[in-house]
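Peer 1: please work out how this folds:
(2 chains)
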Protein chains: 2
Amino acid sequence: MTDVIKTIAILGGTGDLGTGLARRWAQAGYSIVIGSRTQEKAQQAADDLQALMDERGVADISVEALNNEAAAAAADLVVLTVPFSHQLSTLELVKTSLKDKILIDVTVPLVPPKVGRVQLPEGGSAGQIAQDFLGEDTRVVSAFQNVAAHHLQEGEALDCDVLVCGDKKVAREQVITLVEAAGMRGFHAGPIANSAAVEAMTSVLITINRQYKCHAGIRISGLAE
Amino acid sequence: MTDVIKTIAILGGTGDLGTGLARRWAQAGYSIVIGSRTQEKAQQAADDLQALMDERGVADISVEALNNEAAAAAADLVVLTVPFSHQLSTLELVKTSLKDKILIDVTVPLVPPKVGRVQLPEGGSAGQIAQDFLGEDTRVVSAFQNVAAHHLQEGEALDCDVLVCGDKKVAREQVITLVEAAGMRGFHAGPIANSAAVEAMTSVLITINRQYKCHAGIRISGLAE
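Peer 2: From the prediction side, this is the model:
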């Protein structure tokens, strides 16, 4: 299936990463549904987004606020940006609504307090855990785990790339379109098993951020031959 | 201990990565000992290196050929560039010679035939396996796993960065000096456990190489704030 993606739900859409992606996609013309544990919490993020777009002079954006379940049901594609500790409980709530849809999983399996130390979960990676839990009816694609939310909040093109993992190439392709709509380059990075590399890299980037006092990302080099 | 590193042994030094590093370090003034399973095999690589340096007009390089055991004994610092399947057997041979030295482990735990798929080993990573096997008397630092050997063979500065993992900061620092001597930027990337991220990234880069027909590497971005 190649779906036409018009409406994107962002579950856990009130955090830094979720609101950053919402801004960029709203500005690119997608209809955004911000999901949160309660409709009220989502509404606050939606109001903030509307106010920011007004300020930037972006007319006619479409943004709605719902609880996570209703948000997932209302969208063509769903993005999960909750902490690892809430990943499975959130997916349980929305599993039936994800049937035949793409789920973009942004979950990083950090283990506090040592978030700068790679500690991958039993299932291999958060992306793999999501795919195993949701089964074949949902195409899980992991992406955006290495993007500093700090930079996402800014308006301009971003100096970092997005590695896109998923078992279905067509689904990865659709996610790469969304990566580009958000102002970054997206790369086919292999099956969802490869999400382990990208998720683990987040701990390395956290280590680098502390050491070098920055908001680091990664770039793929060596492309032009 | 802060050792002065003058002599570097490269075990498995007849492969593309090992010979690439040897060239760059020889040119930077380090004494190189190329190690291989037999002294004869090592000699061929040493002769090739000498011929290349003559061709480039680089006088006075110091390069020697020995079997792996003798090479490890002769050096201040040892670099391991053998396939994952030979990692532990090689370390067993040289363990006593590695006492009080830094081992730079370049091993990537690829599982043929699916080398583009992340399949991390039971021990977490090759770097962690080496550190666990060698114990506290040897400081294991992993590095160079994401560098395309193809580019290393070229003469110029490289468009890729090196993530340097190890439990001792002073040891990482010494390895970063060697990374820079080889023409790249090196970054403190955390404890040896974080080698999992870097090793896994190699499979992602292999996937990208196939998909985009290139010799990809990674660059850390977002440093200048």
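Peer 1: the lowest-mean-pLDDT helix or strand in chain A and chain B in contact?
Peer 2: The weakest-scoring helix or strand in chain A, judged by mean pLDDT, DSSP states H and E, is helix A:149-152 (a mean of 85). Yes. Helix A:149-152 reaches chain B (C-beta under 8 Å from any C-beta of the partner chain) through residue A:151. Bear in mind the C-beta positions are built from the backbone N, C-alpha and C, glycine included.
Peer 1: okay, that helix in CSV with CA atoms only?
Peer 2: Extracted as CSV, the C-alpha positions of helix A:149-152 are listed here (Å, rounded to 0.1, in the frame of the first residue of the first chain):
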residue,chain,number,x,y,z
ALA,A,149,15.0,18.8,19.8
HIS,A,150,16.8,22.0,20.4
HIS,A,151,17.5,22.4,16.7
LEU,A,152,14.0,21.2,15.6
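Peer 1: tell me which stretches of chain A form helices.
Peer 2: For chain A, applying DSSP state H gives helices covering A:16-27, A:39-55, A:68-74, A:87-94, A:126-134, A:149-152, A:169-181, A:195-212.
Peer 1: out of the ones you listed, deepest packed?
Peer 2: The highest average neighbour count among the helices of chain A, using mean count of other C-beta atoms under 10 Å in any protein chain shown, belongs to helix A:195-212 at a mean of 25.
Peer 1: pLDDT weak spots in chain A?
Peer 2: Residues of chain A that meet the criterion pLDDT under 70 lie in A:1-2, A:155, A:225.
Peer 1: at 80 what do you get?
Peer 2: Counting by pLDDT under 80, chain A shows low-confidence ranges at A:1-3, A:59, A:154-157, A:224-225.
Peer 1: show me the residue at the heart of it, geometrically.
Peer 2: Residue closest to the mean C-alpha point of chain A, counted by C-alpha atoms, centre = their mean, is residue A:106 at 4.1 Å.
Peer 1: coming back round to it: closest one to residue B:59 among the helices of chain A?
Peer 2: Ranking these by proximity to residue B:59 (C-beta to C-beta) places helix A:195-212 first, at 37.7 Å.
Peer 1: can you check what angle separates that closest one from helix B:195-212?
Peer 2: In terms of direction (axes from the mean of the first three to the mean of the last three C-alpha atoms, to 10 degrees), helix A:195-212 departs from helix B:195-212 by 120 degrees.
Peer 1: is any part of helix A:195-212 close to chain B?
Peer 2: Yes. Counting by C-beta under 8 Å from any C-beta, chain B is contacted by helix A:195-212 at A:196-198, A:200-201, A:203-204, A:207-208, A:211-212.
Peer 1: kindly report the same for stretch A:136-145.
Peer 2: No. Under the criterion of C-beta under 8 Å from any C-beta, chain B is not reached by stretch A:136-145; the shortest gap measures 11.2 Å.
Peer 1: list the buried residues for that stretch?
Peer 2: Neighbour-count burial for stretch A:136-145 flags A:138-145 (criterion: 16 or more other C-beta atoms under 10 Å in any protein chain shown).
Peer 1: can you tell me which of these are in strands?
Peer 2: A:139-142 (DSSP state E).
Peer 1: residue contacts, the residue nearest to the centre of chain A?
Peer 2: Residue A:106 makes contact with A:17, A:79-81, A:142-145, according to C-beta atoms under 8 Å, 6 or more residues apart in numbering or on different chains.
Peer 1: run the last query once more with 10 Å
Peer 2: Listed by C-beta atoms under 10 Å, 6 or more residues apart in numbering or on different chains, the contact partners of residue A:106 are A:10-12, A:15, A:17-18, A:21, A:79-82, A:87, A:126-127, A:142-145, A:147, A:199.
Peer 1: sorry, back to before: who's in contact with the least confident helix or strand of chain A?
Peer 2: With C-beta under 10 Å, 6+ apart as the test, helix A:149-152 has contacts from A:15-24, A:81, A:144, A:157-160, A:182-184, A:209, A:214-217, B:221-222, B:225.
Peer 1: how far does it sit from the chain's center?
Peer 2: A distance of 12 Å separates the centroid of the chain from that of helix A:149-152, by C-alpha atoms, centre = their mean, to the nearest Å.
Peer 1: do stretch A:40-58 as well
Peer 2: For stretch A:40-58, the distance to the chain centre is 19 Å (C-alpha atoms, centre = their mean).
Peer 1: what lies in contact with that stretch?
Peer 2: A:10-15, A:18-19, A:22-23, A:26-27, A:29, A:32-36, A:39, A:59-61, A:63-68, A:70-71, A:153, A:155.
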